[in-house]
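Peer 1: Give me coordinates for this.
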Amino acid sequence: MAGGREFKVSKSKQEVVAAALPLQEHWLPLSNLDLLLPPVDVGVFFCYKNHNSPSVTAARVGVLKKALAQALVTYYAFSGEVVANSVGEPEILCNNRGVDFTEAFADVELKELNLHNPDESIEGKLVPNKKHGVLAVQATELKCGGMVVACTFDHRIADAYSTNMLLISWAKMANSKSPLTNKVPSFRRSLLNPRRPGQIHPSLNDMYVPVTSLPPPPKMETNGHEDHLISRIYYVAAEQLIKLQALASSNGCKRSKLESFCAFLWKMVAGSETGNDVKKLCKMGIVVDGRSRLADGNDLMSSYVGNVLSIPFGGKKIQELNEKSLNWVADEVHEFLECAVTKEHFLGLIDWVEAHRPVPGLAKIYCNGSKEGPAFVVSSGQRFPVSKVDFGWGAPVFGSYHFPWGGSSGYVMPMPSPVGNGDWVVYMHMLKGQLDVIEKKAGHVFKPLTIGYLM
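Peer 2: Numbering: from 1, shown residues only. Now for the predicted structure:
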């Protein structure tokens, strides 16, 4: 939708962009932490205003392609394809098949895009559907001369941290004014080797499950009354974050903004349940990046490309979350996070995967059944480098991840606002009923993101 009207996207050209230098074909195995990811794709998009110079506007797509070809020389895994090995596990065939690059035109102006509702304005229109390879790109010219640059990537190959590195490198290759001080990416899987013998803490069996132990998926209801997952984008003002942090902190113990935000959201989601459901558990997971935990004083992990993630979660009775204070809930958040922010946790998780191979594992909260009570995951996007994705025609007016992830749980990603005033932009993929309650009860905190706010 664009200000209440439909808009069409016409694709004018599709080609494959390969790395600018030839590559020796080879196989790159996935790490044990990669093997915890299901085959899901993640979208990310950036919106740019019309540039003052017509020559810059006309040359944009050519600049994007040339720079992408240069970036793929060192980020070669993104130019390959995922193939199953002899035991059925995915591996990357680094054959430089290239990235599918689509050029498109949308008969809509940037100011008309309904960014609050990406299901209508972004999904299937401005973010490409990846059909082949690891990465797909779409550059869409807008009626006003603006542009949307969007990517879809295979989450099994890269987490957001890795993709952010690629995006920054791509932008630096394109922008002649940008200093070329790129981090050289590392694909050294030996950094995540399992131990011999493995050491597995029992808590990991509460967080992860072999797929062979999962119950069969529930039959999909076909009636129109069934609640369903939708995506919305909000912004949260800096002063609201400070207030939440003050309310979530107690006894001289200051909680982080993320812990405070998560505690508030946990209470809001619990508050959306009614009747007998209040006796059920409400679960919340928080994605933890293990790079700094595994670093051991060297810088190798900071340039590592792949997945270095864990999703610890807590489960509390809905009634309890409704009745307790925000600072009590924040203490619970801090407590379940504590077990997963250690080197030993990540080493143990690597060992857990090794013990179950070749049977894949999954985070339990990803496949949480709705009958067990509501569940959602928060993944901090505070490192999302919106201002650095400048291809030479100015920083984006807006950028966001777009991840309707296919799990039965909700997914939330708070990111820094491109306005640069301490506000957060929050992508939320949750049940419509939950978002209705959040908008009603916490409309002063979660405000619909509009172009007016951004410009």
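Peer 1: Averaged over its residues, which helix or strand of this protein has the lowest pLDDT?
Peer 2: Taking mean pLDDT, DSSP states H and E as the measure, helix 54-74 is the helix or strand of the chain with the lowest mean score, a mean of 91.
Peer 1: Provide the strand pairings for the helix or strand following it, with the direction of each partner.
Peer 2: Proceeding N to C from helix 54-74, the next assigned helix or strand is strand 81-84, under DSSP states H and E. Strand 81-84 has the following sheet partners, assigned by DSSP bridges: strand 90-94 (antiparallel).
Peer 1: What is the helix or strand just after the strand it pairs with packed up against?
Peer 2: Per DSSP H and E, the first helix or strand lying C-terminal to strand 90-94 is strand 99-106. Packing partners of strand 99-106 (3 or more C-beta pairs under 8 Å, 6 or more residues apart in numbering; DSSP states H and E): strand 9-17, helix 54-74, strand 135-142. Heads up, the C-betas are built off the backbone N, CA and C, glycines and all.
Peer 1: Of the ones you listed, which is nearest Pro385?
Peer 2: Between Pro385 and the helices and strands packed on strand 99-106, the shortest separation by C-beta to C-beta is 14.3 Å, and it involves helix 54-74.
Peer 1: looking at the helices and strands packed on strand 99-106, which is buried most?
Peer 2: Of all the helices and strands packed on strand 99-106, strand 135-142 has the most neighbours on average by mean count of other C-beta atoms under 10 Å, namely a mean of 23.
Peer 1: Quick check: next helix or strand after it?
Peer 2: strand 147-154.
Peer 1: what angle do that following strand and strand 90-94 make?
Peer 2: Interaxial angle of strand 147-154 relative to strand 90-94 (axes from the mean of the first three to the mean of the last three C-alpha atoms, to 10 degrees): 120 degrees.
Peer 1: Just after strand 147-154, pick out the following helix or strand.
Peer 2: helix 160-174.
Peer 1: Tabulate the CA atom coordinates of that following helix in CSV.
Peer 2: Presented in CSV, the C-alpha positions along helix 160-174 are these (Å, rounded to 0.1, in the frame of the first residue of the first chain):
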residue,chain,number,x,y,z
ALA,A,160,23.2,-10.2,10.9
TYR,A,161,26.7,-9.4,12.2
SER,A,162,28.3,-11.1,9.1
THR,A,163,25.8,-9.5,6.7
ASN,A,164,26.4,-6.0,8.2
MET,A,165,30.1,-6.5,7.4
LEU,A,166,29.3,-7.3,3.8
LEU,A,167,27.0,-4.3,3.5
ILE,A,168,29.6,-1.9,4.8
SER,A,169,32.3,-3.4,2.5
TRP,A,170,29.9,-3.2,-0.5
ALA,A,171,29.1,0.5,0.3
LYS,A,172,32.8,1.3,0.7
MET,A,173,33.7,-0.2,-2.7
ALA,A,174,31.0,1.9,-4.3
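Peer 1: Give me the helices and strands touching the very next helix or strand once past it, please.
Peer 2: Using DSSP H and E, the helix or strand that follows helix 160-174 towards the C-terminus is helix 204-207. Other helices and strands packing on helix 204-207, by 3+ C-beta pairs under 8 Å, 6+ apart, are helix 343-356.
Peer 1: now what about the helix it packs on, what contacts it?
Peer 2: 31-33, 35-36, 192-195, 198-201, 204-205, 208, 210, 290, 293-294, 296, 308, 310, 339, 361 (C-beta atoms under 8 Å, 6 or more residues apart in numbering).
Peer 1: Please indicate which of these are buried?
Peer 2: 31-33, 35-36, 192, 194, 200-201, 204, 208, 210, 290, 293-294, 308, 310, 339, 361 (16 or more other C-beta atoms under 10 Å).
Peer 1: what's the helix or strand for Asp227?
Peer 2: With DSSP H and E as the test, Asp227 turns up in no helix or strand.
Peer 1: no wait, Trp27
Peer 2: Judged by DSSP H and E, Trp27 forms part of strand 26-29.
Peer 1: quick revisit: and the least confident helix or strand of the chain, what does it pack onto?
Peer 2: Using 3+ C-beta pairs under 8 Å, 6+ apart: helix 54-74 touches strand 9-17, strand 99-106, strand 135-142, helix 160-174.
Peer 1: could I get those as a markdown table with distance to Met455 and mean pLDDT?
Peer 2: A markdown table is the format used below for these (distance: least, C-beta to C-beta, whole Å; pLDDT from 0 to 100):
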| stretch | distance to Met455 | mean pLDDT |
| --- | --- | --- |
| strand 9-17 | 22 | 96 |
| strand 99-106 | 18 | 97 |
| strand 135-142 | 14 | 97 |
| helix 160-174 | 21 | 96 |
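Peer 1: Asp154 contacts Asp41, correct?
Peer 2: Yes: here Asp154 reaches Asp41: they are 6.0 Å apart, a contact under C-beta atoms under 8 Å.
Peer 1: shared neighbours of these two, anything?
Peer 2: Joint contacts of Asp154 and Asp41 (C-beta under 8 Å, 6+ apart) are Lys130.
Peer 1: so how many other residues sit close to the closest residue to Ile438 other than its chain neighbours?
Peer 2: Take Ile438 and drop its neighbours on the chain: the residue closest to it by C-beta to C-beta, 6 or more residues apart in numbering is Met268, 5.0 Å away. For Met268, the count of nearby residues is 18 (other C-beta atoms under 10 Å).
Peer 1: quick one: Met268 from His228, how far?
Peer 2: 19 Å (C-beta to C-beta, to the nearest Å).
Peer 1: which ones are touching Pro39?
Peer 2: Contacts of Pro39 were listed using C-beta under 8 Å, 6+ apart, and they are 82, 90, 154, 156.
Peer 1: Among these, which pair sits farthest apart?
Peer 2: Taking C-beta to C-beta, the two most distant members of the contacts of Pro39 are Pro90 and Asp154; they sit 8.9 Å apart.
Peer 1: hey, what's in contact with both of the two?
Peer 2: With C-beta under 8 Å, 6+ apart, Pro90 and Asp154 have common neighbours 39, 82.
Peer 1: Among these two, which residue is more densely surrounded?
Peer 2: Higher neighbour count among Pro90 and Asp154: Asp154, with 22 against 18, using other C-beta under 10 Å.
Peer 1: Kindly give the local confidence score, pLDDT, for the more buried one.
Peer 2: Listed pLDDT for Asp154 reads 97.
Peer 1: Let the chain start at 16 from now.
Peer 2: Sure, I'll start numbering at 16, so the last one becomes Asp169.
Peer 1: can you pull the contacts of it?
Peer 2: Applying C-beta under 8 Å, 6+ apart, we find Asp169 in contact with 54, 56, 97, 145, 149-150.
Peer 1: do His459 as well
Peer 2: By C-beta under 8 Å, 6+ apart, the contact set of His459 is Gln255.
Peer 1: can you rerun that using 7 Å?
Peer 2: If you count contacts by C-beta atoms under 7 Å, 6 or more residues apart in numbering, His459 has none.
Peer 1: That one in helix, strand or coil?
Peer 2: Following DSSP: H, G, I helix; E, B strand; the rest coil, we place His459 in the coil state.
Peer 1: all strands of the stretch 316-465 of the chain, in order?
Peer 2: 324-325, 328-332, 376-378, 390-393, 413-417, 425-431, 439-446, 462-463 (DSSP state E, counting those that start in this stretch).
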